[in-house]
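# Structure for the following, please:
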Amino acid sequence: MFSHLPQESLARPVRKPRETAQVSAGLNRRLTAYALVAGAAGVSAVAMGQSADDNTVVYTPANIPFYGSRRANFKIPLDLNQDGITDITIWAGGSGFSLGTASISYYDGTAGWYAPAGAGGIKRPLTKGMEIGPVKGFSPNGILIRSVLSHSGRREKHGCVGNFKDRTAYLGIRFPISGETHYGWVLLSTACAYGSGEVSGTVEGYAYNTVANQPIGAGQMQSKNASKQEAVIPGALEMLSLGAAGLPSRRQ
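As a prediction, this is how the structure comes out:
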């Protein structure tokens with residue numbers, strides 16, 4: 001079809017190799033600085049991502065009320081690690097009787113906890129930051145608060161007892177996961193209903209350490225490693241966003 005064309009017109013043109021462009025020393029320094037800034041920002045971002053992955057504390061916010069009286073009975077099973085096994089149960093209930101007159105009557109409301117074998121709580125209420133770990137003092141059951149009201153003739157007696165009486169505090173707990181001991185906390189608010197022999201409270205949240213046999217601070221919501229972030233070079237991300245214009249200029 002192209003037989004009428006000269007043979008040399010069918011040959012592919014020969015391209016000359018491009019000459020290497022010489023970059024000025026100033027521009028080369030700017031490009032190097034840009035690469036260093038980008039690399040530093042990238043490393044910092046990776047470091048921050050790794051620090052988030054290093055978190056060993058699992059925190060669950062909650063707002064679960066409970067109420068204890070002769071007419072109410074609450075059981076709040078808490079599964080801190082969501083494996084389908086109740087680690088500790090917060091309960092509230094009460095009792096009471098009356099002879100049908102105001103002369104003789106007795107009512108009480110009580111709240112506490114109980115736990116399966118290997119688990120338990122610390123009877124002493126903890127303030128924020130107190131360590132919960134492999135120490136003695138864990139009990140499979142205990143009383144948080146108890147309110148009593150009694151009438152005998154014209155005499156009335158009211159009492160409210162318990163280490164967690166009328167306060168917001170942390171219950172330190174331990175429980176097993178696959179045969180290994182873990183530590184955690186439950187934040188509780190409790191109150192006596194004076195004059196009625198009733199108690200009330202709220203489970204406000206709970207957390208545990210995913211690492212076996214390692215302590216946790218009362219109120220701690222993330223591990224110390226996760227709370228630390230690698231510092232970003234000052235202005236690095238801003239310089240990247242500006243491109244070459246954001247790189248520092250240097251005189252040759």
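# what ranges of the protein fall below the confidence cut-off?
1-53, 100-102, 226-252 (pLDDT under 70).
# hmm, 80 instead?
By pLDDT under 80, the weakly predicted segments of the chain are 1-53, 99-103, 135-136, 153-156, 195, 224-252.
# the longest strand in it is where?
Looking across the chain with DSSP state E, the single longest strand is strand 180-193.
# just the CA coordinates of whichever helix or strand comes after that strand, formatted as CSV?
Using DSSP states H and E, the helix or strand that directly follows strand 180-193 along the chain is strand 198-209. Extracted C-alpha coordinates of strand 198-209, given in CSV (Å, rounded to 0.1, in the frame of the first residue of the first chain):
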residue,chain,number,x,y,z
GLU,A,198,-33.9,3.2,100.5
VAL,A,199,-30.7,3.5,98.5
SER,A,200,-30.0,4.5,94.9
GLY,A,201,-27.0,4.8,92.7
THR,A,202,-25.6,4.8,89.1
VAL,A,203,-22.9,2.8,87.3
GLU,A,204,-21.1,5.6,85.4
GLY,A,205,-18.5,3.6,83.5
TYR,A,206,-15.9,0.9,83.8
ALA,A,207,-12.5,-0.1,82.3
TYR,A,208,-9.9,-2.8,82.4
ASN,A,209,-6.3,-3.5,81.3
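# now the angle between strand 180-193 and strand 198-209, please.
Per axes from the mean of the first three to the mean of the last three C-alpha atoms, to 10 degrees, the angle that strand 198-209 makes with strand 180-193 is 160 degrees.
# Now strand 198-209: buried residues?
Glu198, Val199, Ser200, Gly201, Thr202, Val203, Gly205, Tyr206, Ala207, Tyr208, Asn209 (16 or more other C-beta atoms under 10 Å). C-beta coordinates here come from the backbone N, C-alpha and C atoms, glycine included.
# Name the nearest of those residues relative to Phe66.
Nearest to Phe66 among those: Gly201, at 5.3 Å, using C-beta to C-beta.
# Tell me how many other residues crowd the nearest residue to the closest one once chain neighbours are set aside.
Leaving aside its chain neighbours, Gly201 sits nearest to Thr190 (4.0 Å; criterion: C-beta to C-beta, 6 or more residues apart in numbering). By the measure other C-beta atoms under 10 Å, the count of residues near Thr190 is 25.
# quick one: Thr190 and Arg167 touch, right?
Yes: using C-beta atoms under 8 Å, Thr190 is in contact with Arg167, at 6.7 Å.
# quick one: which helix or strand includes Gly94?
Per DSSP H and E: strand 88-98 holds Gly94.
# ok, Asp54 - how many residues close by?
Neighbour count of Asp54, defined by other C-beta under 10 Å: 14.
# is it true that it touches Asn225?
Yes: here Asp54 lies in contact with Asn225, judged by C-beta under 8 Å, at a distance of 4.4 Å.
# so where do the helices sit in the stretch 101-250 of the chain?
Using DSSP state H, counting those that start in this stretch, the helices of the stretch 101-250 of the chain run over 224-227, 236-242.
# about what we covered before: now, among the buried residues of strand 198-209, which is nearest to Gly121?
Of those, the one sitting nearest to Gly121 (C-beta to C-beta) turns out to be Tyr206, at 11.4 Å.
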